[in-house]
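>>> Pasted the sequence and its predicted model underneath.
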Amino acid sequence: MTLSGPARWALRVFMGVGLTFIYVPLLLVLVNSFNGDRTFAWPPHDLTTRWWAAAWENDGARQALITSVRAGLGATVIALVLGTMVAFAVQRFAFFGRDTVSLLIVLPIALPGIVTGIALDSAWRSVMGDLGIGKGMFSVIVGHATFCVVTVYNNVLARLRRTGTNLEDASADLGASPSQTFRFVTFPLIRSALLAGGLLAFALSFDEIIVTTFTAGPGVTTLPIWIFNNLFRPNQAPIVNVVAAVLIVLSVIPVWLAQRLAGPEAGASRT
Amino acid sequence: GCGGGGDSGGTGSGPGGMPVPKVDKLTALGAGEGAVNVVSWAGYVEDGSTDKSVDWVTPFEKETGCQVNNKVAATSDEMVTLMKTGDYDVVSASGDASLRLIYGGDVAPVNTDLVANYKDIFDGLKNKTWNSVDGVAYGVPHGRGANLLMYRTDTVKPAPTSWGAVFDPNSPYRGKITAYDSPIYIADAALYLMKTQPDLGIKNPYALDDKQFQASVDLLKEQNKMIGEYWSDYTKEVQAFKSGNSVIGTSWQVIANLTKADKTPVEAILPSEGATGWSDTWMISSKAKHPNCGYLWMNHIVSPKANAQVAEWFGEAPANKLSCGETTDKNHCTTFHAEDESYFDQVWYWTTPLARCVDGRTDVTCKDYSAWTQAWTTIKG
Amino acid sequence: MTDTPTPAIRLTGLRKSFGAVEAVAGVDLEIADGEFFSMLGPSGSGKTTVLRMVAGFELPTAGTVELGGRDVTRLAPFERDVNTVFQDYALFPHLSVLENVEYGLKVRKVGRRERRERAERALASVRLEGFGGRKPSAMSGGQRQRVALARALVNRPKVLLLDEPLGALDRKLREQMQVELEAIQREVGITFVFVTHDQDEALTMSDRVAVFEAGRIAQVGTPEEIYERPATSFVAGFVGTSNVFTGDVAKALLRREGTFSIRPEKLDLAADDDGNGVVAEVVYAGPITRYVVDLDAGARAVVVAQNRHNGTPLVARGHRVLLSWHDDHIVEI
Amino acid sequence: MTDTPTPAIRLTGLRKSFGAVEAVAGVDLEIADGEFFSMLGPSGSGKTTVLRMVAGFELPTAGTVELGGRDVTRLAPFERDVNTVFQDYALFPHLSVLENVEYGLKVRKVGRRERRERAERALASVRLEGFGGRKPSAMSGGQRQRVALARALVNRPKVLLLDEPLGALDRKLREQMQVELEAIQREVGITFVFVTHDQDEALTMSDRVAVFEAGRIAQVGTPEEIYERPATSFVAGFVGTSNVFTGDVAKALLRREGTFSIRPEKLDLAADDDGNGVVAEVVYAGPITRYVVDLDAGARAVVVAQNRHNGTPLVARGHRVLLSWHDDHIVEI
Amino acid sequence: MSYLHRHPRLRLAALLSAPLLWLVVAYLGALTVLLVSAFWTVNGFTGGVVREFSLANFRTLLTEEVYRAVTLRSLGVAAAVTAICVVLAVPMAFFMAKVASARSRHWLVIAILTPLWASYLVKAYAWRILLANGGPIDTLLGGPGNGPGYGLFATILVLAYLWLPYMILPIYAGLERLPDSLLEASADLGARAGRTLRAVVLPILIPSIFAGSIFTFSLSLGDYIAVQIVGGKTQLIGNLVYANIGAANNLPFAAAIATIPVVIMVIYLVAVRRSGALEEL
Ligand SMILES: Nc1ncnc2c1ncn2[C@@H]1O[C@H](COP(=O)(O)OP(=O)(O)OP(=O)(O)O)[C@@H](O)[C@H]1O
Ligand SMILES: Nc1ncnc2c1ncn2[C@@H]1O[C@H](COP(=O)(O)OP(=O)(O)OP(=O)(O)O)[C@@H](O)[C@H]1O
Ligand SMILES: NCCCCNCCCN
Ligand SMILES: [Mg+2]
Ligand SMILES: [Mg+2]
C-alpha cells in the first residue's frame, strides 16, 4: 500500500507502543518471578531464583497443567467435530433457520461466562445429577466445548466459503467415494483452518476460570483454578508468576508451530 | 409463634417455625470407601503439592486408604453452593455458611462418639450457635480467629484502639481504608453500633431487625465513601498495605503476620469493641457418598498433629487443646490466642443471619442472609 | 434404436430448477461416440448446469441422463464413467502435479507402479514431462489447464466434459490450447463435450454445436449450419456478428418482407457516388478492416473486408459506397 | 522542444526493480494529449508496473515521470491529475454506485449539489442512469466496469489509465465495451492509456500501440505500423499470427536471405497440381476459413481466407495448392 | 453411498443433529431454565426455592437504584473498553496487514497471539502491581499517587488490555481480505491516508470491528474478577450475579440479575448480525 513516509513511521511507532503496552505487564510477571518479595513489592529489592526452584517442585502446578491440557484437548476435539459439522451444514446446504445458527453458535461466547457457568451448573446438577453423573472433568470439557465451538466454526466456514465445492466435485468426478474425498481432499484443505480454530479453542479453554469454577467437579483443578487458589496466598503467589512466565514462553511453541504448519492463515485466525 | 428450644435429633422444627430437615446421623463407623470429596478453604487440605513439607493428607491417605479429592472454595457462599451439589462429603464451613447448610438439609448431624479426637477440642468451640441446633452437634470445630483491625504504624498515628477508626467520616485516611468484601461485613458495623449506639438494642451483630439493619447499612454506606478498596483475598491485602494503597482496615492475624514478614510496618489489634471472627467447622454432607471416609477425615483433621499443622500453615488458632504442643513455632498458640478464652469472649463468630433471629428474639423477624447480600450490593453502589 | 449406434450421451426431457429459477428448461440431446461436441450460449443459459447433471453433481428436476445407453440419472459422480475438466481447473492445491494426475487411479486402487506409469504417460501426452514434482501453484495458466486435462484423460473415461477450460487463458495461449485440445481429442478418440461462450472457439473446434438460450437448445448442428443458416435471430446474433434487416429497411434494401440476416463478410463494398450508403466508420483490425456504412434505406450495416493490401482502407470515411451481396447469403430468420 | 506541444505523459529512462526482478528495464515514451494509447504485451512484461508508476502507486527505481510537462515522479497518487480504472474495478463495496462516482469530488470538497449533478451526468455518459442507488455487488461485470469508468471520468483527469479493464468480461460484452470505450474517449477527449494483452483490442481501439517485451518497449506505432511492419519477430508473433520463414525455407520460397514474416491473410491460395504445397488442414471458423499448407519448401504456412461463399472451402484437405503473395507483404525482421 | 447422494436432506440431518442437540438442548435449555428461575423466589426461612411465578426479583431490580447504576456503569465500562480496543487495534492491525513485510507480519501475529496464553489472572495481577501506590506507573508519572490508582479507570484500562488481542485478530483478518486496490483507488481519486482510513477502510472494517467488539463488550460485561483486583471498590454486573449466586441459595435473584447482560448481549448480537459480524469472528 502506498503510504507517505511519515504515515508509515507513525504506524510503526504506534505498533511499537502497542506491543510495549502488551508486553510490559508480561515482562513484569517475568521479573516478579525473580522478585524476592512475596507480594512483588516494587521495585524489587532482592532477586532470587527460589520461586523457580519451588515451582519446579510444585506438584500441584504440574498436575493442574496436565488437567488443563486434558480439558483443553477434550474441549478442542469436541469443538472441532461440532464446529466442522455445523460449518459444513451451513456452507453446503440451504435450510430453514440457517441464519439463526450462526447466532446460536456465538451465543455461548458472547454471553458472560458467569451466565454460561451458572446455567450449565444448575442444568448439569438437575439433569446429569439425576442420572448419577456428577461433575468432574467431563462437565468442564462440556462447558468449555460449548463456547469453543464458535472458533472452529468460523474458521472452517470461512475456509469452505473460499474453497467452494469444486475440488470435492473434482474428486468425486475422478471416482473417489465420499470418504475418500474427505480424506484426500476436504480434510487437507481445511486442515489449516482446523488448526487455527483449534488453537484458539484450546487457548480459550486453557485460560478459562469462570466457566470452570462453576462446572468443575471435585478433584478437578485446572491451571487457572490452581492459579486462582494460589495467587491469593502470599506464600504461593510468587510461584504463580513463575508458572505464568513459563506459560508465556512455552506458548510460543504451539503458536509458532501452528503458523508453520498452517501457513499464514493460521495467524490470521478468526477468533 | 416463635418457640425456644426444640427437640433433639435434628427432627422437628426450629424456632420461628423454621424446620430443620430430618437427617439421620451415622451410628457406626464402617470401612472406608476409598475416597473422600472435600470442600475447603485454601490451605486447609495440603498434600505436599504446594510445599513439600506441608502435607497432612498423604499420611491420612496411607493410613485409611481414603483418597482425598479437594476442592478449594473462595467464599462461604461458594462452599454452600458446592455442598448443595451433593458431590462432596465434607466441608470446612465457616459460621456464615454452617447454618445455611444445616437448615438446607445439606449436612447431617455428627455422631461425635465416632470422632475420637472430639474430646480434646476446646469447649469454647463446641455446641455453638453456628455449629449446632438445639444441642445437636452438626460438625467438628477446626480452628478459629478474629477479624482484627490492622494499620500501618508509620502513617496511622495515633495508634487506633477502636473500630471508630474505620467508621469516622472525618478520617484522615479517607481513600485508604479497606474492608472485607462480603455481606457478612455488615456484622462489623452492627458490632460497632452495638457498642456505640446502645439505644438500637443490638444484642448480637448477626441478629438484626429492620431498624438495626438499616442503621448498620447506613453506616457502611457512609464508610463506602472512604474505602479505597475492599479485600477478599490476602495477597491483595498484604500487597495493598505494603504499597500504601490501604493503611487501615479489617484483617486476619495471618495476614498481619505475612505483612510484617514482608517488612511492612503494620500492627493488628483487637479493638475495644471486640470483633467479629470465624470458627470453622468440619461438616458432613447429608448425601455423602463416602460417609466413613468423611468421618475418618474429620477425626484426622482435628487430631493434635494435623490440627497443629493446619493452624500454623493457615495462620489461626487450633481447635484441639493438644495441638499447642505440636506446633513447630512454640509461640504459635500464644500469637493466635488459642488458649485465651477471654480473648475469644470478645469475638462474635460468623453466623448465618436468619429470618429467625439468632439472638433468640421472637417478637421480630430478622434480616436473612439474602437480604444482607442485596444490602451489600447497595452499600458498594 | 437397435440399428443406430448407441449414443455416448442421451439427454431426455432434462430439466433443473433452483428454487424459482429454471436453469435448464427441457433439453433433449444425443451426442455420438467420439464426437467433439460444443455447447455455446450466453452466460446463465444453462450450459454448466447441463454438464453438471451429466457428471452427476446435480440431480435433475426431471428427465434422464443416459451414458452409453445406461440410465445414470440418479447415480453419484464417482459411479459414472465420465470425467470433467473444470473451468477453474480445480487442481488439488495440496498435491503435486503428478499426484493430481494419479488421483483418479489411486482412488480406484490401481497399483502404485502402474499408476505412476500411466500418470507419467498422461503428462507426456499434454507435453508436461518433468513437471510432475511441481505444485499446481507453480504452474502457469496454460500449464494448469493441461494438468487438468491429463488428470481427466488418465482415467480413460468414455466421455470428457470440459467447462470453459480455456476461459481463463489469454488470447494467445487460448488459441494455442485450442489447437492442442483438438489434436488430443483426435488422438484419444473419446467423446468431448465442450462448453464455451466463445463463438470462434465453438466453430473452429467442434463437430457439432448446440446453441443454448435461456435453458433450452436454440439450435444444434455443424458449425457451418449454425453460422451460415442460423435458425433464429438469437442464433444469428449470438454466433458471429450479423446485419439484421427487417420491416421497411428489408423491403427497401432486399425487396422482401420479413426479417433477414446477412454476415458482414458476405457484403461487398465499392466506392460509388451512386451507391446506397455512406461510410460512417473505418476500423482497422489487423487482418481485417471493419466498415460501418449508413445505408440510405435507414439502417447501419457492418462490412468486413480482409486486408489483402497493407491496411490501406478500400474506401475512406465519408465516401459514398455501393453495398452488394449474393442473394444466397441472405438468411431469412 | 518549445515548438512541439507538451506531451500528456513523458517517461524518461523509467526503471523499476522488485528485488532481483527487473519489472521495467528502461522505458522512454511520450504520449500526446488526447491520444488513445495502448500498451500491449505478454503477462509479466511490465505493463502494469509502468502504469502504476504513472499513477504514483510505485516509486521508480530510476527515471522520471512527467505529466503535462511537470515532473511528478515523487508525488503521491492524490497529488497527480491522473485517474485509474483498475482491472478488478476496485469499487468501494460499502458505497452505492452514486457514492462511488462522487467519491473523488467529495474528497476534493466539491459542493454537494454540483457533486451530485456531475456524478449523475457521468453515470449517464456510461449509460447507467438510474443505477446510482445500487450497491456495486448488485451490478454485473460489465456494469461495474462502467461504474469504475464513470468514477474516474467524473474527475475530468488529464489522463485516464486503464489496466485491462475488459479482461474479466466475456467476449460478447467485451466487444460491446470496446466500442463504448472508444466512443467515450472520443467524446471527452482525454488521454487514455490502455493496458491489454489482447492484440485485437489494441489494434482496433488505439491511436498508437506500444508492444512490451520483458520490461522494455519492443515497438511503438500506429496499429498499421505494428501489424503490417513489425519491427521484431517477437512483435510479428505476438501481434496477430504470422508465417515466419527463415534460412533454407526463406531461400527456397522467397529467394532471399534472412528472416521474413508474412501474414496469413496476405497469402493467396489456389488449387493447382503444379503448386508449391499440399493442404494439410482446413478449419472452418465462420467468417473465415483457415488452411494449413505443408509447403514443398519444408515449412507449414497458415492461410486465412474470408468466407465469401457459404463456408464451402476453396480447396479440400489433401489437395495440391499454389500459395502466392505480393512481395510488398513480405516483411524482413 | 449413492443413497446419501440422492438424499441431501439426510446428509444435512446427519451434520446438524449432534451440534444442534448440543447447542439447543444442552446450552439453550440450560439457559432457559436459568432464566425461568429468575421468576422464582427463595423462602427466607427455609432457604428453599419457591417455584412459583413471581416478579419480585425484577421488582427489586427495577426499584433499587443501585441496580440501574451498576448496569449503566457496566455498560459504560464495556463500551469504553471496546472503544479503546478499537482505537488501539485498528492502527496495529493495519500496520500488520498492510505495512509490515510478509516476514515480520508472521512474527507480529505470533506476538499478538502469545499473550493469550499468559493467564488472565496473572496479567490482571501484574496490572495491580503496575498501578499500585508508588508502583511503576506512579513512578513514571512522578511519584506515589500520581497514577490513576485502583478504580473505574483502572478497570477499563486492564480490561482493554486483557481483551485487546481479541479485537486485533478479526480486524487483522478483515484487513488482509481488503484488496490493496481499494486503498489505491482512494488515493488515486485524491484522498490522503487519513481520508482513506475514514472513508474506505473503517466502513469496510465495520463487520470485523463488530466481531471483535462481541468479545471485548461481552467479556467486559461479564467480568467480575479483574474488577476485584484493580477496581478498588467498583462493582459491575458480574459481581452482583456472583455475589448472589451462592448467597442464601439466591439463585433466582442471581438469575434475574443475569438477565440484564443476557438481554443486552442478545440485543447487541441481533443488531450486529445485520452487519455480517457474526461471520467475522
Ligand atoms: N446452485 C444454483 N443455485 C441457484 N441458481 C443457480 C445455481 N446454479 C446455477 N443457477 C442459475 O441457473 C442458471 C443457469 O446457470 P449455468 O451456470 O448453468 O449457466 P451457464 O450457461 O453455465 O453460464 P456461464 O456461461 O455464466 O457459466 C443461471 O441463472 C444461474 O444463476
Ligand atoms: N510487487 C511486486 N513484487 C515483486 N515482483 C513484482 C511486483 N509487481 C510486479 N512484479 C513482477 O514484475 C514483473 C512485471 O509485472 P507486471 O505486473 O508489470 O506485468 P504485466 O505486464 O502487467 O503482466 P500481466 O499482463 O500479467 O498483468 C513480473 O515479473 C512480476 O512478477
Ligand atoms: N462465555 C464464556 C466466555 C469465555 C471466554 N473466556 C475468555 C477467557 C479469557 N481469558
Ligand atoms: Mg457455466
Ligand atoms: Mg498487469
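On my side now, so go ahead. Residues are numbered from 1 along each chain as shown, chains lettered A, B, ... in the order given. Ligands and ions are numbered 1, 2, ... in the order given.
>>> Output the contacting helices and strands for the helix or strand encompassing residue B:312.
Element membership of residue B:312 [criterion: DSSP states H and E] is helix B:304-314. Under the contact criterion of 3 or more CB pairs under 8 Å, 6 or more residues apart in numbering or on different chains; DSSP states H and E, helix B:304-314 touches strand B:140-152, helix B:291-301, strand B:317-318, helix B:332-335. C-beta coordinates here come from the backbone N, C-alpha and C atoms, glycine included.
>>> Looking at those, spot the one closest to chain A.
helix B:291-301 (12.6 Å; CB to the nearest CB).
>>> Is that closest one in proximity to chain A?
No. Figure legend: helix B:291-301 not in contact with chain A (CB under 8 Å from any CB of the partner chain); closest approach 12.6 Å.
>>> burial of residue 93, as a residue count?
Since you didn't name a chain, this refers to chain A. 15 (other CB atoms under 10 Å in any protein chain shown).
>>> Can you look at chain B instead?
With other CB under 10 Å as criterion, residue B:93 counts 34.
>>> what does the stretch 201-350 of chain B put close to chain E?
B:224, B:227-230, B:232, B:235-236, B:239-240, B:243-245.
>>> Can you name the residue of the stretch 251-381 of chain B nearest to chain D?
Counting by CB to the nearest CB, the stretch 251-381 of chain B gets nearest chain D through residue B:381, at 43.1 Å.
>>> any chance you could read off phi and psi for the closest residue to ligand 1 within the stretch 1-150 of chain B?
Ranking the residues of the stretch 1-150 of chain B by distance to ligand 1 (CB to the nearest ligand atom) places residue B:85 first, at 51.7 Å. Per-residue torsions, residue B:85: phi -70, psi -20 (degrees, to the nearest 10).
>>> Please point out which parts of the helix or strand of chain B at the bottom of the mean pLDDT ranking sit buried.
The least trusted helix or strand in chain B, going by mean pLDDT, DSSP states H and E, turns out to be helix B:76-84, with a mean of 80. For helix B:76-84, a neighbour-count test (16 or more other CB atoms under 10 Å in any protein chain shown) marks B:76, B:77, B:78, B:79, B:80, B:81, B:82, B:83, B:84 as buried.
>>> Give me the residues contacting it.
Helix B:76-84 is contacted from outside by A:213, B:39, B:71, B:73, B:88, B:91-94, B:96-97, B:100-101, B:104, B:106-107, B:182, B:184, B:285, B:350, E:243, E:245-247, E:249, using CB atoms under 8 Å, 6 or more residues apart in numbering or on different chains.
>>> Just the buried ones from the residues you listed, in ChimeraX syntax?
To isolate the buried members of those in ChimeraX, using 16+ other CB under 10 Å:
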select /A:213 /B:39,71,73,88,91,92,93,94,96,97,100,101,104,106,107,182,184,285,350 /E:243,245,246,247,249
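>>> Kindly identify which of the contacts of helix B:76-84 also come near ligand 2.
Among these, not one lies near ligand 2 by CB under 6 Å from any ligand atom.
>>> Restricted to strands, list the contacts of helix B:76-84.
Those of the contacts of helix B:76-84 mapping onto strands are B:39, B:71, B:73, B:91, B:92, B:93, B:107, B:285, per DSSP state E.
>>> buried set for stretch B:217-229?
Buried, per 16+ other CB under 10 Å, within stretch B:217-229: B:217, B:219, B:220, B:223, B:224, B:226, B:227, B:228, B:229.
>>> List the buried residues for the helix or strand harbouring residue E:13?
Using DSSP H and E, residue E:13 sits in helix E:8-20. Of the residues in helix E:8-20, E:11, E:12, E:15, E:16, E:19, E:20 count as buried by neighbour count, 16+ other CB under 10 Å.
>>> quick one on the thing from earlier: so which of the ones in strands among the contacts of helix B:76-84 sits lowest on pLDDT?
Lowest pLDDT among the ones in strands among the contacts of helix B:76-84: residue B:73, with 80.
>>> do you know how far whatever residue of the stretch 1-150 of chain C ends up closest to ligand 2 is from ligand 1?
The minimum distance from the stretch 1-150 of chain C to ligand 2, using CB to the nearest ligand atom, falls at residue C:141 (9.8 Å). According to CB to the nearest ligand atom, to the nearest Å, residue C:141 and ligand 1 sit 18 Å apart.
>>> Let me know how buried that residue is, in neighbour terms.
16.
>>> likewise the one 10 residues further on?
The criterion is other CB under 10 Å. On that basis, residue C:151 has 32 neighbouring residues.
>>> With the one 10 residues further on instead?
Each residue near residue C:161 was counted by other CB under 10 Å, and the total is 26.
>>> List the contacts of residue 247.
The chain I'm using is chain A. Residue A:247 neighbours (CB under 8 Å, 6+ apart): A:223, E:117, E:118, E:119.
>>> wrong chain, I was asking about chain B
B:151, B:152, B:155, B:156, B:173, B:176, B:177, B:241.
>>> Got the confidence number for it?
Here, the pLDDT recorded for residue B:247 equals 96.
>>> re the thing from before, any idea which of the helices and strands packed on helix B:304-314 is most buried?
strand B:317-318 (a mean of 28; mean count of other CB atoms under 10 Å in any protein chain shown).
>>> got a list of contacts for that strand?
B:143-145, B:307-308, B:310-311, B:324, B:327, B:333, B:336-338, B:344.
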